[in-house]
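> all I have is the shape, not the residue letters:
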């Protein structure tokens, strides 16, 4: 691939396919989906490395024909829900290139508070339990994102067409209906199936530009208003946010370039709607004593004490009594000492997993970074577990028994998602390593300023380059948070490796 048209950006697909959402275990940034590359002979060294990584992980670009046929049959036989909400002007906010649109929203004022309707793609309507498509999605677990393409959870005919909440198209959906008070707290919440039709699609930059321009349409003004109130509530209950660096790579005239892409506030406002829905889903499940939660234990006292010592050693003020989640919000990625602390803080976000239950509530119900019980239900086109969570919540909210096929699957979902998360982690790390090798492939012998973000065993350092958003490991000794000079010794795109050493003197 050549020219200046190819680009990728690191983002974790959790809330709407936007930036990494830190109520899950923070991950190394991954590359967002792009168009499928050309034939093997048209692929450059970086694209060949991505293809090799897919082959190593057993990820095929081809969806099994029997599963595609199962999806096509379900699409042809689809019966839309009786409830009709196609008159509601839902809209979507997603990255510009996305076609697998899971969520659409409509916001309005209601007295002193608000009404939020949040439509989620009705994937269960297209997947027959026990059928070929069901089996394939359980094997895949989630959509895998590479810089040059995505390996989807569902075939494109479903995920990018019949099941996607594309504008102007009537679609089945699970509609979450919230009443919020003046502070943004949920006063009531329910969920039902309905026909919906999104009227417009936007991206985050469009929303942000209108808001910043001072005369946004009502829906964007409400999103900002509600989003900021929900962020304030998150802070009040002790939720934690970790500003891991986000990266963007472009291919310009045969040379790869990378830079940081600062997130815009509209991404957080949008994510708060998803987060609110996940919390409401968890409440429904816990009331009914059946469901599957996304859980994470709180950081242990030793980890927090160690992190506090690191902050003190780096000279970053942290007042007594300030929770670590609030402290993290003060850190800036452009400050070397702060950057070192951001990397160190990942030790506080460990142990995230899925906790199923049926008949009694589990001992661990909270997702510590959310500071509340939380469930995944807003990305069913891209994550397996959400399909089951939606069916549970809609059944409970409407006084029906949870279907047997859902209850039977609950004990199996944690291992399926764990296996899928393991592969996704390898995709993220391998993709990032390949891109970093490509960025530095024509810079062997050059020296760069870098900040020491971690001291490892055997005399190794992890450093973040100052002028390029590249994280590297090199041999040597230096103070945590200090600025050093490192030289690129080797960069191998095929092997996805880069070798650095501390510059002499």
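Done, it's in. Bear in mind the structure is a predicted one, so any value in this text is a computation, not a measurement. Numbers count the residues shown, from 1 in each chain.

> quick check: residue 237 vs residue 326, distance?
11 Å (C-beta to C-beta, to the nearest Å). C-beta: built from backbone N, CA, C; applies to glycine.

> let me see the ranges of the helices in this protein.
With DSSP state H as the criterion, the chain has helices at 45-56, 65-76, 132-140, 156, 204-213, 218-236, 265-288, 301-313, 324-328, 336-344, 384-397, 404-409, 413-440.

> tell me the most buried of these?
Comparing the helices of the chain by mean neighbour count (mean count of other C-beta atoms under 10 Å), helix 384-397 ranks first with a mean of 24.

> dump the helices of the chain to TSV, plus mean pLDDT.
TSV is the format used below for the helices of the chain (pLDDT from 0 to 100):
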stretch	mean pLDDT
helix 45-56	94
helix 65-76	98
helix 132-140	98
helix 156	96
helix 204-213	96
helix 218-236	96
helix 265-288	96
helix 301-313	86
helix 324-328	89
helix 336-344	81
helix 384-397	98
helix 404-409	98
helix 413-440	93
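
> of those, which is nearest residue 197?
helix 218-236 (15.5 Å; C-beta to C-beta).

> same for the closest one, what does it pack against?
Packing partners of helix 218-236 (3 or more C-beta pairs under 8 Å, 6 or more residues apart in numbering; DSSP states H and E): strand 103-110, strand 113-121, helix 204-213, helix 265-288.

> dump the ones you listed to TSV, plus distance to residue 409.
Listed next are the helices and strands packed on helix 218-236 as TSV, based on distance: least, C-beta to C-beta, whole Å:
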stretch	distance to residue 409
strand 103-110	23
strand 113-121	19
helix 204-213	34
helix 265-288	14
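
> the ones you listed: which one's closest to residue 44?
helix 204-213 (28.0 Å).

> what angle separates that closest one from helix 218-236?
Per axes from the mean of the first three to the mean of the last three C-alpha atoms, to 10 degrees, the angle that helix 204-213 makes with helix 218-236 is 90 degrees.

> distance between helix 204-213 and the chain's centre?
Helix 204-213 has its C-alpha centroid displaced from the chain centroid by 21 Å (C-alpha atoms, centre = their mean, to the nearest Å).

> grab the longest strand from this structure for me.
Longest strand of the chain, by residue count under DSSP state E: strand 186-202.

> in that one, what's buried?
186, 189-191, 193-198, 201-202 (16 or more other C-beta atoms under 10 Å).

> now it against helix 265-288, angle please.
Counting by the same axes, to 10 degrees, strand 186-202 points 140 degrees away from the direction of helix 265-288.

> list the helices and strands strand 186-202 packs on?
strand 90-93, strand 113-121, strand 170-180, helix 265-288, helix 384-397.

> will you turn the ones you listed into CSV that also has distance to residue 370?
Listed next are those as CSV, based on distance: least, C-beta to C-beta, whole Å:
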stretch, distance to residue 370
strand 90-93, 21
strand 113-121, 17
strand 170-180, 17
helix 265-288, 7
helix 384-397, 15
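
> go through stretch 439-459 and flag the buried ones.
Going by neighbour count (16+ other C-beta under 10 Å), the buried part of stretch 439-459 is 439-441, 448, 450-454.

> hmm, who's touching stretch 451-470?
With contact meaning C-beta atoms under 8 Å, 6 or more residues apart in numbering, stretch 451-470 is reached by 245, 247, 258-260, 336, 339-340, 342-344, 436, 439-440, 448-450, 471-484, 486, 498, 500, 502.

> quick one: the nearest residue to residue 104 once chain neighbours are set aside from residue 390, how far?
Closest residue to residue 104 in three dimensions, ignoring its sequence neighbours and counting by C-beta to C-beta, 6 or more residues apart in numbering: residue 90, at 3.8 Å. If you measure residue 90 against residue 390 using C-beta to C-beta, the figure is 17 Å.
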